[in-house]
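> Generate a structure from the sequence data that follows.
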Amino acid sequence: MFPQQLDAPQAFGIAQAMMDGFDRHYRLFRAESARAKRRFEQADWSGQQTAQRERIAFYDLRVTECVQRLETEFHAGQLPMPVWQQVKLHYIGLMVEHLQPELAETFFNSVTTKILHRTHFHNDFIFVRPAVSTEYLESRDPDDAPTYRAYYPGSLDALPQALQALVQQLQLQAPFEDLARDIAVLAARMRERLAGLTLRANFQIQVLSSLFYRNKGAYLVGKIITGYTELPLAIPIVHGAQGQLVLHAALFGEDDLHGLFSFARAYFMVDMAVPSAYVQFLHGLMPRKPRGEIYSALGLAKQGKTLFYREFLHHLKHSSDQFRIAPGIKGLVMLVFDLPSFPYVFKLIRDRFPAPKETTRAQVKAKYQLVKQHDRVGRMADTMEYSLVAFPRERFSDALLAELLAHAPEQIEVSDRDGDGQQEVIIRHLYIERRLVPLNLYLQECFDAGLEQPRARANMERCVIEYGNAIKDLVAANIFPGDMLWKNFGVTRGGKVVFYDYDEIEYLTDCHFRAIPPARTEEEEMSGEIWWRVGPHDVFPETFGPFLLGHPAVREVFLQHHADLLEPAFWQAHQARIQQGHMHDVFPYDPSRQLHAPALTS
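Model prediction:
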């Protein structure tokens, strides 16, 4: 229940201090994102990756600063609850004309939950529900570009002129290798894609004003409109083999954009005055992608978590199935459960790890943080990390709760919710990921269907090839998966293979890839035991085969496409490339989308 009057003298000061903290955060976040343009123009790839990694820490730093200020100036932890209710009301008033109100709400929640007890984590004190609309927000600052710009070709023949104006509007301070050539090919691809459609009076190309920067690419994102047809569009721009800019590919349709904005890729750097407007535009291009995932893709991961949790609470209210132990082989480090009707899995770290695991909780958390900060190249699932998550006890199967209490009792509390007799299960630390089909189960389904069936055979071959491609993409990004068993990879709904078990990953450059030394005696050669010395970071690729390729059909496909993964030379060559400072290209689209032959690009 909200207070009848705003009579606490310190409430407005606290609200203003919290808004100051958020404004400082977004000002720094936006400035770093805007600098991505200059780094792209100068081909400063290491600087781009460093900035992407460091920007992730901005939010928590600003939250910590704000909490410290509130404790120092207002003794915030000692204030009575009616004061905090008034703080929220004052804060709502400060958001009325704000351009990032949804982000400001999340910042308020992050600060407040650091100070208040979890029993106050409801809408009287934090923003469980949004209080300010983000619809139709636009900046009135003349220095801010509009959210998107529209270009009107008039006809297919006039596409080159419209595309020329569109690219020039980007004001990239780096020369193009041959912009006229690129535009001609791009216009031809557009005409091919639009063939058969009647061009209406509203025929136009709308593009978001800011480019989307990630690693070595810049992406122009928009849509083509004619009549009631809207065709999503993205145009990657890269530095070509000669160091000059090239329009590299043409991506059309929702599926292509899903690949670009995948949850298994690093976050973009985008200069946005009104992020909700960008999210609204992008959601129109990808209506199947949750808005929370779009916020995360734009580098606003905390907002992504906020929207996910609201969606999760809504789903719980409108469903009745029970959480269960997730299908698949149980891991030695993580306990995994899911809700069948909800497309995510929930993972928590065991209190103790059975042999042969030799790791600690802190080390496992560090591995997950490494993945969060690293370039995931479309092959490592993003994770959302939560603390003190409360679930209704009646939604947990008895088997699941027994499993959690047996293996992670230090992480679990079962208590009475608000003293109302309704029990809840509180998990102290939790990771949440998109649910994928474990690759070992996917393969087993193919075997069960019978490989003499053409579809089962094709699915098996595709996922084995994709498995090898996933490992090679990770290698290109300086990641050694560690445990490469099939169960640690999953298949997305688009058929892509993604890695999701991070407790044994290492930087590729920290590993020692060795050949198995020759046996010194006949006894050693005949022995089933390892006779050679193995150091803590030694890896012997020749030993992968017996663990991974037991099925003859799988072995045949794997050796046809990825036999090099069983040779130390493959891994050593990539180590040398990385140590020499070369960043490998891992494009978020199929080669068929490229506008030119590979020789034109680096």
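> can you tell me the helix or strand for the most centrally placed residue in the chain?
In the chain, the centroid-proximal residue (Cα atoms, centre = their mean) is F263; its distance is 3.6 Å. Using DSSP states H and E, F263 sits in no helix or strand.
> need the contact list for it.
E293, S296, A297, A381, D382, R434 (Cβ atoms under 8 Å, 6 or more residues apart in numbering). Every C-beta, even on glycine, is put in place using the N, C-alpha and C of the backbone.
> again, but for W486
P438, L439, N440, L443, Y467, L548.
> how near is it to H551?
Distance, W486 to H551, using Cβ to Cβ, to the nearest Å: 10 Å.
> Between those two, which contacts overlap?
In contact with both W486 and H551: L443, using Cβ under 8 Å, 6+ apart.
> residue ranges with poor pLDDT in the stretch 51-200 of the chain?
Scanning the stretch 51-200 of the chain for pLDDT under 70 picks out the ranges 119-120.
> Looks like L595 contacts L251 (just checking).
No. Using Cβ atoms under 8 Å, L595 is not in contact with L251, being 10.8 Å away.
> Please, which helix or strand holds H258?
Secondary structure from DSSP H and E places H258 in helix 253-260.
> Neighbours of E177, how many?
Using other Cβ atoms under 10 Å, E177 is surrounded by 18 other residues.
> Show me how the record splits the chain into domains.
11-120, 148-300, 319-435, 438-566 (automatic domain parsing).
> Of those domains, which is nearest F127?
Among the domains of the chain, domain 11-120 comes nearest to F127, with 4.1 Å by Cβ to Cβ.
> I224 falls within a strand, correct?
Yes. Membership of I224 in a strand is supported by DSSP: H, G, I helix; E, B strand; the rest coil.
> Spit out the contact partners of the closest residue to it other than its chain neighbours.
Excluding its sequence neighbours, the residue lying closest to I224 (Cβ to Cβ, 6 or more residues apart in numbering) is L231, at 4.4 Å. By Cβ under 8 Å, 6+ apart, the contact set of L231 is R193, L194, K223, I224, I225, F252, G253.
> how close does L231 sit to F203?
Per Cβ to Cβ, L231 is found 11 Å from F203.
> Mutual contacts of those two, please.
Common neighbours of L231 and F203 (criterion: Cβ under 8 Å, 6+ apart): I225.
> just the CA coordinates of the helix or strand harbouring K372, formatted as PDB?
Element membership for K372 (DSSP H and E) is helix 361-373. In PDB, the C-alpha atoms belonging to helix 361-373 read as follows (Å, rounded to 0.1, in the frame of the first residue of the first chain):
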ATOM      1  CA  ARG A 361      32.500 -23.000  -7.000                       C
ATOM      2  CA  ALA A 362      34.500 -19.800  -7.500                       C
ATOM      3  CA  GLN A 363      36.300 -21.300 -10.500                       C
ATOM      4  CA  VAL A 364      33.000 -22.400 -12.100                       C
ATOM      5  CA  LYS A 365      31.600 -18.900 -11.700                       C
ATOM      6  CA  ALA A 366      34.700 -17.500 -13.200                       C
ATOM      7  CA  LYS A 367      34.300 -19.700 -16.300                       C
ATOM      8  CA  TYR A 368      30.700 -18.500 -16.800                       C
ATOM      9  CA  GLN A 369      31.900 -14.900 -16.400                       C
ATOM     10  CA  LEU A 370      34.600 -15.600 -19.000                       C
ATOM     11  CA  VAL A 371      31.900 -16.700 -21.500                       C
ATOM     12  CA  LYS A 372      29.800 -13.600 -20.700                       C
ATOM     13  CA  GLN A 373      32.700 -11.300 -21.600                       C
END
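> from now on call the first residue 780
Fine by me, first position is 780 from now on; the one you just mentioned is helix 1140-1152.
> elements contacting that helix?
On a contact count with 3 or more Cβ pairs under 8 Å, 6 or more residues apart in numbering; DSSP states H and E, helix 1140-1152 meets strand 1123-1128.
> which of the contacts of W1265 lies closest to Q831?
Taking Cβ to Cβ as the measure, Q831 sits nearest to Y1246 out of those, at 26.9 Å.
> There's contact between that closest one and Y1221 in this structure, I believe.
No. Y1246 lies out of contact with Y1221 (Cβ under 8 Å); the separation is 10.0 Å.
> Which one's more surrounded, those two?
Taking other Cβ under 10 Å, Y1246 and Y1221 do not tie; Y1246 has more neighbours (26 against 20).
> quick one: secondary structure of that one?
Here Y1246 is helix, with the state taken from three-state DSSP.
> Please name the bridge partners of the nearest residue to it once chain neighbours are set aside.
Closest residue in space to Y1246, ignoring its immediate chain neighbours: V1276 at 5.1 Å, by Cβ to Cβ, 6+ apart. On the basis of DSSP bridges, V1276 is bridged to V1270.
> so what's A1178 closest to, chain neighbours aside?
Take A1178 and drop its neighbours on the chain: the residue closest to it by Cβ to Cβ, 6+ apart is I1104, 6.5 Å away.
> The one you found and E1189, how far apart?
The gap separating I1104 from E1189 is 19 Å, by Cβ to Cβ.
> again with V1333
According to Cβ to Cβ, V1333 and E1189 sit 40 Å apart.
> So between the two, which is more surrounded?
Using other Cβ under 10 Å, the more surrounded residue of V1333 and E1189 is V1333, with 21 against 12.
> and the host helix or strand of the more buried one, which residues are buried?
Following DSSP H and E, the helix or strand that holds V1333 is helix 1331-1341. For helix 1331-1341, the buried set under the neighbour-count rule, 16 or more other Cβ atoms under 10 Å, comprises A1332, V1333, V1336, F1337, H1340, H1341.
> For the first one, give me its contacts.
A1332 makes contact with L1230, R1236, M1239, according to Cβ under 8 Å, 6+ apart.
> so how far is stretch 1107-1117 from its chain's centroid?
Here stretch 1107-1117 is found 21 Å from its chain centre; the criterion is Cα atoms, centre = their mean, to the nearest Å.
> quick one: buried residues of that stretch?
Here stretch 1107-1117 shows G1107, G1110, V1112, M1113, L1114, V1115, F1116, D1117 as buried, counting by 16+ other Cβ under 10 Å.
> just to revisit the earlier point, so what's the residue count around the residue nearest to Y1246?
26.
> for M798, same thing?
Residues near M798, counting by other Cβ under 10 Å, number 20.
> Turn the contacts of A1332 into TSV, including neighbour count and secondary structure.
As requested, the contacts of A1332 are arranged in TSV below (neighbours: other Cβ atoms under 10 Å; DSSP: H, G, I helix; E, B strand; the rest coil):
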residue	neighbour count	secondary structure
L1230	17	coil
R1236	16	helix
M1239	22	helix
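> quick one: the strands in the stretch 930-1079 of the chain?
Here the stretch 930-1079 of the chain has its strands, by DSSP state E, counting those that start in this stretch, at 983-987, 991-993, 996-1005, 1008-1018, 1024-1026, 1030-1031.
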